[in-house]
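**Q** Below: sequence and its predicted model.
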Amino acid sequence: MSSAFRSRRLLAPLGVAASTLALIAAPACKKKQVEEVKKEILKKVEIAEVPLPENAVGELVVRDPETFMRKLSTGAGLEPILGASPYQKLVDSVTDDSAKKAVKAIDPHGTIAGVGLYKFGNPAEKPHGVVAARLKDPDIAAAALDAAEKSGQSIKAWDSGVLGGKVYEIKDGGEVAVYGDVVLLADTREAIDAAGKYVAWRAAKSSVDHELVLRVPMDRIGPELKKLGVAEWAKVKPGDVPPKVKAEIDPLVEPVLGGVADMGQALVTFDIDGENLKLVETFAAKASLSEWLKKFPTGDATPLLTMPKAESVSLQRFPDGLGPLAYALLEWGLDGATLSAADRAEASKQARALGKALGHSLAYATDSVKGAAPAPGAPPSLDTEIFVRFDLDDPAAVKGAVGSLRKLLEKSLGTAKKLTVTPYKKHGAEGETLATPAVIPGFGPTAATATKDTWTWALKGSQLYVDLCLGCTPHLLDAALDPAAKGTVADDALAKARIGEFPTKDLVSASYGTTLQLPGMPGGLGSFMGGPPPPPPKPGTAMWGWSTVAPTGVSAKGAVPLVFVGDLSKSLIAIAGMGMMGGGMGGPPPF
């Protein structure tokens with residue numbers, strides 16, 4: 001079952017609303033008919049709290065859709081697309097007067113709640129969904145539905161014993177009901193009966209502390225996902241995965257999926273705070289997952305401060321356990337290398353030595369050459385620099401392994417692509433700088449750099465530095481090593497202040513970035529796709545995030561500037577447009 005298919009099924013109830021609008025008759029809003037409906041079908045309903053349905057796989061709650069979308073539209077620069085008032089734009093888009101009245105009956109500031117449903121164990125089972133939205137005038141909505149049914153249109157009513165009232169079924173699929181002061185939308189009768197009361201309570205009565213809340217009951221569905229995963233892996237045939245790789249994955253399947261089964265509820269909240277979309281994520285852990293989380297090395301975010309200033313910097317700590325799989329994947333890749341069997345064996349030996357000598361923490365940074373966006377018709381620049389710093393357990397072993405692997409790499413390239421190797425000795429670090437043929441020739445910012453990529457590795461103390469510059473001149477390594485350059489994150493007051501607010505213990509990952517563009521795209525992702533560049537960020541605007549672990553579970557927090565959300569949204573719209581119009585030069589769509 002593909003994620004796209006699941007998304008379509010879960011969003012199906014939203015399509016019910018549009019279908020219903022087309023079926024509503026204008027006379028339904030007359031006072032007389034409203035009074036009749038009050039007496040005949042709009043029974044008084046006391047919306048009460050009920051538990052989450054047993055087959056629920058997730059829920060989404062938006063506290064005030066209109067306010068949330070307005071803030072998102074304004075902050076992300078999406079007003080030309082969504083309008084200053086997304087709700088008003090929806091109203092204006094409805095041409096039928098009767099349908100327009102029905103849309104106006106929905107409270108744009110009322111909470112919307114939705115639940116996804118799925119019954120595990122039956123491969124033929126499809127996901128379903130139910131949505132509840134608050135109504136400003138339930139009488140008008142109920143009258144419209146009743147009149148549409150009585151007029152002989154493609155809608156019929158049936159009595160729900162669960163809801164205690166009428167539900168209207170649309171011929172082409174979908175269920176609609178007015179329940180108290182909410183309207184319920186679902187794709188099947190079973191779905192509206194199973195989750196109608198719950199989403200009605202969430203929309204009308206429950207406390208919602210954040211602008212948008214996503215909840216996944218992993219404590220319920222985790223064991224089912226484990227069963228599915230084990231069953232699917234059992235179907236893998238010998239020819240589907242390289243034998244060495246499969247041999248390493250086989251013993252990992254049970255513990256990894258066991259960790260999924262031992263997850264507790266996952267909760268993600270979103271709030272717009274000024275110019276940022278902030279999110280908080282938590283999920284609980286027990287049994288095997290709890291034991292695995294105990295193995296994570298943890299600390300604080302201070303290692304970020306000694307990284308070079310760049311568009312983004314990140315820190316990651318990790319436990320043991322995945323080394324054998326990584327080595328198996330490497331050996332599989334070496335099978336296709338232009339090396340002798342003896343050289344392949346030596347490469348595998350040195351890679352294992354390197355892996356064993358690495359510590360349990362790495363930090364990395366990405367940056368791009370600053371400048372104007374490519375001229376119209378010119379190819380985009382791939383002027384991206386990637387800098388990685390590894391903590392080491394055995395620096396001496398790393399030095400020997402890296403040197404040997406470099407020589408084997410040169411062998412595999414052959415004489416036609418011989419490396420240019422220059423010793424690197426600066427600021428107490430020693431290593432090598434390698435110039436190689438460009439990964440993508442012609443994409444550098446200048447003719448000189450467009451034909452080559454520059455790799456540098458260097459050792460200093462208990463750290464290994466690796467720098468890759470794609471079609472550009474590297475600068476991050478020198479900035480990290482030279483204290484006189486004042487080029488580290490600690491020399492950026494805003495970055496230092498933000499990172500200083502991160503947790504001081506239990507932290508396993510952290511990131512900070514001032515860029516609102518992807519590396520190599522100075523005009524922003526939107527301009528790269530042919531759209532306008534994003535508005536310049538205000539001073540201090542940054543993306544940041546962190547995550548912590550404990551035996552009881554995982555917590556994460558972060559923020560993304562709305563202007564970046566807008567830039568990304570516009571680019572996706574541009575990509576979708578390209579797909580509908582076909583690829584370049586009249587070719588097929590790119591996706």
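**A** Cool, got the structure. Keep in mind it's a predicted model, so treat the numbers as computed, not measured. Numbers count the residues shown, from 1 in each chain.

**Q** okay, CA-based contacts and neighbour counts for the rest of this
**A** OK.

**Q** Distance of G180 relative to D64?
**A** G180 sits at a distance of 19 Å from D64 (criterion: C-alpha to C-alpha, to the nearest Å).

**Q** secondary structure element for S509?
**A** Element membership for S509, per DSSP states H and E: strand 507-513.

**Q** can you pull out the strands in the stretch 1-150 of the chain?
**A** Under the criterion DSSP state E, counting those that start in this stretch, the stretch 1-150 of the chain carries strands at the ranges 56-62, 112-117, 128-134.

**Q** and among these, the most buried is which?
**A** Ranked by average neighbour count under the criterion mean count of other C-alpha atoms under 10 Å, the strands of the stretch 1-150 of the chain are headed by strand 128-134 at a mean of 29.

**Q** so where's the protein shaky on pLDDT?
**A** Under the criterion pLDDT under 70, the flagged ranges of the chain are 1-43, 96-99, 321-322, 325, 369-383, 414-418, 439-451, 515-540, 575-591.

**Q** care to break it down by domain?
**A** Each domain of the chain is listed here as a residue range: 3-216, 264-293+517-541+553-591, 295-318+340-513, per automatic domain parsing.

**Q** Which one of those lies nearest to E254?
**A** Taking C-alpha to C-alpha as the criterion, E254 comes closest to domain 264-293+517-541+553-591 out of these, the separation being 10.6 Å.

**Q** Report all helices and strands that the strand holding S509 contacts.
**A** Secondary structure elements in contact with strand 507-513, counted by 3 or more C-alpha pairs under 8 Å, 6 or more residues apart in numbering; DSSP states H and E, are strand 312-317, strand 543-550.

**Q** mind listing the helices for the stretch 151-300 of the chain?
**A** Listed from the start of the chain, the stretch 151-300 of the chain has helices (DSSP state H, counting those that start in this stretch) covering 189-204, 218-234, 243-261, 287-293.

**Q** For the first one, buried residues please.
**A** What it means is helix 189-204. The neighbour-count check on helix 189-204 (16 or more other C-alpha atoms under 10 Å) flags 189, 191-204 as buried.

**Q** Could you check how far G471 is from E66?
**A** The gap separating G471 from E66 is 46 Å, by C-alpha to C-alpha.

**Q** between those two, who's got more neighbours?
**A** Just comparing G471 and E66: by other C-alpha atoms under 10 Å the higher neighbour count belongs to G471, 31 against 19.

**Q** I figured that one hits K452, correct?
**A** Yes: under the contact definition of C-alpha atoms under 8 Å, G471 touches K452, with a separation of 5.7 Å.

**Q** Now do the strands in the stretch 451-591 of the chain.
**A** Taking DSSP E, counting those that start in this stretch as the criterion, the stretch 451-591 of the chain carries its strands at 452-460, 463-470, 507-513, 543-550, 553-561.

**Q** Using CSV, please lay out these together with mean neighbour count and distance to L408.
**A** Listed next are the strands of the stretch 451-591 of the chain as CSV, based on neighbours: other C-alpha atoms under 10 Å; distance: least, C-alpha to C-alpha, whole Å:
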stretch, mean neighbour count, distance to L408
strand 452-460, 22, 15
strand 463-470, 24, 18
strand 507-513, 23, 33
strand 543-550, 22, 38
strand 553-561, 20, 41
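
**Q** Would you mind listing the outside residues contacting stretch 357-366?
**A** Contacts with stretch 357-366, where a contact means C-alpha atoms under 8 Å, 6 or more residues apart in numbering, come from 297, 303-304, 307-308, 310-320, 384-395, 397-398, 519.

**Q** Check the residues you listed for burial and list the buried ones.
**A** Judged by 16+ other C-alpha under 10 Å, buried ones among these: 297, 303-304, 307-308, 310-319, 384-395, 397-398, 519.

**Q** Which ones among the residues you listed map onto helices?
**A** In helices, judged by DSSP state H, the following of the buried ones among the contacts of stretch 357-366 are found: 395, 397-398.

**Q** who's in contact with the closest residue in space to K295 that isn't next to it in sequence?
**A** With C-alpha to C-alpha, 6 or more residues apart in numbering as the measure, P319 is the residue that lies nearest to K295, at 5.9 Å, once sequence neighbours are left out. The contact partners of P319, by C-alpha under 8 Å, 6+ apart, come to 295-297, 360.
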